[in-house]
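Chemist: Structure of the sequence below:
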Amino acid sequence: MKKLLMPVMLLMTLSSCNHYYKAITTAAPNTTASFNDFKDTQKYYILRNGKEAYAMKNISISDNRENLQCTLEDLPMEHQVYAYNGDNPKLKYKTSVSKEYDETMVLDEVHIYVMPGTKTEKGAYTLPMANVQKAEIIEPDTLKTKKSQTTGTTIAIIATVVGVGLILGIVAASSLAFVF
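Modeler: Presented below is the predicted three-dimensional model:
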């Protein structure tokens, strides 16, 4: 009986629902107006230069609004979900009660991409707005998440019904075997 429960449990685990996000590209990314003067303190800004990614801290805009000043720092682990998995077409994140594995912080990120060849390094940094190639705001993909949850629930129900049916069938068959 334990051998039959294992496949049912495996099916239920594999069918668990996923949470998805999507990257929305902003219009006119090389203007400071696109970033609302970086006053959205709920967002976490990340500078992307090819495969490099930096946390942007202490962001300010020059008086002529053509340059952005900030401090570039190493990107903390909790903000590396999209920075290093962005090429993954599934764009999934994990939620957990443990902060160590909770990847929901990806939903607070803004990724600013610079033109190829732009020099970036940690420390005080000035970015000419003309060097901004694109910017992406990360948002929940509610449609894809809802489809995943519906599919996961459906598979779990079917697996449970099949598993219970198999167990009842085996119990009934073994009961009949004792009668004869």
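Chemist: Who are the contact partners of T25?
Modeler: By Cβ atoms under 8 Å, 6 or more residues apart in numbering, the contact list for T25 reads 134-136. The C-beta positions use only the backbone N, C-alpha and C, and glycine is treated the same way.
Chemist: Return a PyMOL selection command for the buried portion of those residues.
Modeler: To isolate in PyMOL the members of the contacts of T25 that are buried, counting by 16 or more other Cβ atoms under 10 Å, one can use:
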select buried, resi 135+136
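Chemist: of all the contacts of T25, which comes closest to E109?
Modeler: E136 (8.4 Å; Cβ to Cβ).
Chemist: Now do the closest one, the pLDDT please.
Modeler: For E136, the pLDDT comes out at 86.
Chemist: do S148 as well
Modeler: Looking at S148, the pLDDT reads 63.
Chemist: on that earlier part again, which members of the contacts of T25 are positioned in helices?
Modeler: With helices taken from DSSP state H, there is no overlap with the contacts of T25.
Chemist: in this protein, what spans have low per-residue confidence?
Modeler: Across the chain, the ranges flagged by pLDDT under 70 are 1-17, 27-41, 85-104, 144-157, 159-161, 163, 175-180.
Chemist: still on that earlier bit, of the contacts of T25, which is the nearest to K57?
Modeler: A135 (17.2 Å).
Chemist: May I see the buried residues of the host helix or strand of T126?
Modeler: Assigned by DSSP states H and E, T126 belongs to strand 123-128. Buried residues in strand 123-128, defined by neighbour count with 16+ other Cβ under 10 Å: 125, 127.
Chemist: show me where the protein has helices.
Modeler: According to DSSP H, the helices that the chain contains are 2-14, 81-85, 142-179.
Chemist: Which neighbouring elements make contact with the shortest one?
Modeler: Contacting helix 81-85 under the criterion 3 or more Cβ pairs under 8 Å, 6 or more residues apart in numbering; DSSP states H and E are the following elements: strand 109-114.
Chemist: one more time with 10 Å, if that's ok
Modeler: strand 19-25, strand 44-49, strand 52-61, strand 92-93, strand 109-114, strand 132-140 (3 or more Cβ pairs under 10 Å, 6 or more residues apart in numbering; DSSP states H and E).
Chemist: Could I get the CA-only coordinates of it as PDB?
Modeler: Extracted in PDB, the C-alpha atoms of helix 81-85 (Å, rounded to 0.1, in the frame of the first residue of the first chain):
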ATOM      1  CA  VAL A  81      16.200  36.000  -8.900                       C
ATOM      2  CA  TYR A  82      15.600  38.000 -12.100                       C
ATOM      3  CA  ALA A  83      19.000  39.500 -12.500                       C
ATOM      4  CA  TYR A  84      20.600  36.000 -13.100                       C
ATOM      5  CA  ASN A  85      17.500  34.100 -14.200                       C
END
